[in-house]
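[1] Model the following, please.
(one chain, ligands or ions: 4)
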Amino acid sequence: MERADLHMHTTASDGTYTPEDLVRFAKAKGLAAIAITDHDVTDGVEEGMRIGREIGLEVLAGVEINTDHGETEIHVLGYGMDLADPGLVKTMDWLREGRVERARAMVEKLNALGYPLSWERVLEIAGPGAIGRPHIAEALIEAGHVASRRQAFEKFLANDGPAYAPRARFNAVDAIRLIRGAGGVPVAAHPAKIKDDSLLPGLVDQGLGGLEAYHSDHTPEQAEHYVRMADTLGVLWTGGSDFHGSMESRPLGGVTVPYTQVEAIKARARA
Ligand code: AMP
Ligand code: ZN
Ligand code: FE
Ligand code: FE
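    Ligands and ions are numbered 1, 2, ... in the order given. Here you go, the predicted model:
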């Protein structure tokens with residue numbers, strides 16, 4: 001049966017593959033469809049779609065927006081949006097700007113803590129991508145302050161770490177409305193990480209259209225649980241690897257869903 005991996009990151013955010021290389025890799029893996037779901041940006045999607053058309057791999061427009069719902073962090077995936085939607089473009093720009101301010105605040109904290117980093121170097125590492133903590137972690141390794149990305153998070157960058165700075169706050173319901181407004185289908189990413197299933201029905205009432213039941217960090221039991229919950233709530237279930245570039249953790253194509261789920265998404269997307 002044809003399979004699709006609907007969650008992955010490129011150099012447009014904190015993945016290590018360019019959209020082109022990622023699409024070629026997915027094709028080589030035998031996938032029938034993918035969605036490019038970078039953090040807070042859709043910059044890699046058009047390039048991915050173009051290469052996909054060239055080599056015969058369906059690429060769905062996607063995004064993963066980091067949002068807050070009260071004290072809970074919820075990642076909202078969007079599928080099938082019109083990338084030119086003015087509201088979407090405006091919000092993506094705003095989120096991207098916010099990420100730059102926030103990364104700069106983290107670099108300043110590191111400098112104050114006695115771990116100097118060059119801001120220019122951090123920007124270079126992020127390249128054209130929406131800047132994030134993994135880029136700062138990379139700079140910390142390069143500067144010799146830590147030995148690994150894991151250590152960079154443990155010592156400095158984790159949410160309760162001494163160099164952490166919060167993202168611009170963006171509400172989950174606003175993200176759901178934004179994606180709907182752009183003709184897309186909003187889906188709760190890796191819902192097991194939300195740790196509170198009781199939030200999900202309310203979000204469905206607000207327009208949430210699916211649950212990411214299958215994810216590299218979910219157990220088979222959790223996947224089944226969220227498929228059942230999606231059925232009960234009358235929304236889609238989706239899935240994907242959350243590939244960032246390492247084939248050791250969350251490998252590309254390591255988590256897939258049948259192509260029927262892509263058809264279901266497309267049937268519900270207006271774009
Ligand atoms: P940001 O979007 O800047 O908040 O960075 C979040 C990204 O950092 C996630 O998508 C992961 O790729 C990575 N990340 C978050 N926590 C950790 C951790 N404890 N260890 C390694 N990478 C992490
Ligand atoms: Zn990431
Ligand atoms: Fe996520
Ligand atoms: Fe992700």
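[2] give me the low-pLDDT residue ranges for the stretch 101-250 of the chain?
    Within the stretch 101-250 of the chain, no stretch has pLDDT under 70.
[3] could you pull out the helices for it?
    Residue ranges of the helices in the stretch 101-250 of the chain, as given by DSSP state H, counting those that start in this stretch, are 119-126, 133-142, 149-152, 172-181, 200-205, 220-233.
[4] now those as CSV including distance to ligand 4?
    Any C-beta I mention is one placed from the backbone N, CA and C, and that applies to glycine too. Listed next are the helices of the stretch 101-250 of the chain as CSV, based on distance: least, CB to the ion, whole Å:
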stretch, distance to ligand 4
helix 119-126, 17
helix 133-142, 11
helix 149-152, 15
helix 172-181, 14
helix 200-205, 18
helix 220-233, 16
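[5] The ones you listed: which one's closest to ligand 1?
    Of all the helices of the stretch 101-250 of the chain, helix 133-142 sits nearest to ligand 1, with 3.7 Å by CB to the nearest ligand atom.
[6] Can you lay out the helices of the stretch 101-250 of the chain as JSON lines showing mean neighbour count?
    Formatted as JSON lines, the helices of the stretch 101-250 of the chain follow (neighbours: other CB atoms under 10 Å):
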{"stretch": "helix 119-126", "mean neighbour count": "15"}
{"stretch": "helix 133-142", "mean neighbour count": "21"}
{"stretch": "helix 149-152", "mean neighbour count": "16"}
{"stretch": "helix 172-181", "mean neighbour count": "22"}
{"stretch": "helix 200-205", "mean neighbour count": "17"}
{"stretch": "helix 220-233", "mean neighbour count": "16"}
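[7] Stretch 262-269: which residues count as buried?
    262, 264-265, 268-269 (16 or more other CB atoms under 10 Å).
[8] Name the residues that touch that stretch?
    4, 6, 32-33, 58, 60, 79-81, 183-185, 209-210, 236, 238 (CB atoms under 8 Å, 6 or more residues apart in numbering).
[9] One more pass at 6 Å, please.
    4, 33, 79-80, 183-185, 236 (CB atoms under 6 Å, 6 or more residues apart in numbering).
[10] Buried subset of the residues you listed as a PyMOL selection?
    To isolate the buried ones among these in PyMOL, judged by 16+ other CB under 10 Å, type:
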select buried, resi 4+33+79+80+183+184+185+236
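[11] Measure how buried residue 52 is and give me the count.
    Look at residue 52: counted by other CB atoms under 10 Å, it has 22 neighbours.
[12] So which bits of the helix or strand harbouring it are buried?
    Assigned by DSSP states H and E, residue 52 belongs to helix 45-55. Buried positions in helix 45-55, judged by neighbour count with 16+ other CB under 10 Å: 45, 47-49, 51-52.
[13] contact partners of the next helix-or-strand element following that helix?
    Where DSSP H and E defines the elements, the next helix or strand beyond helix 45-55 is strand 58-69. Residues outside strand 58-69 that contact it (CB under 6 Å, 6+ apart): 33-37, 39-40, 42, 45, 48-49, 52, 74-81, 83, 167, 169-170, 172, 175, 189.
[14] Considering only these, which also neighbour ligand 3?
    75, 189 (CB under 5 Å from the ion).
[15] give the contact list for the closest residue to ligand 3 within the chain.
    At 3.7 Å from ligand 3, residue 75 is the closest residue in the chain, using CB to the ion. Residue 75 is in contact with 64, 66, 189, counting by CB under 6 Å, 6+ apart.
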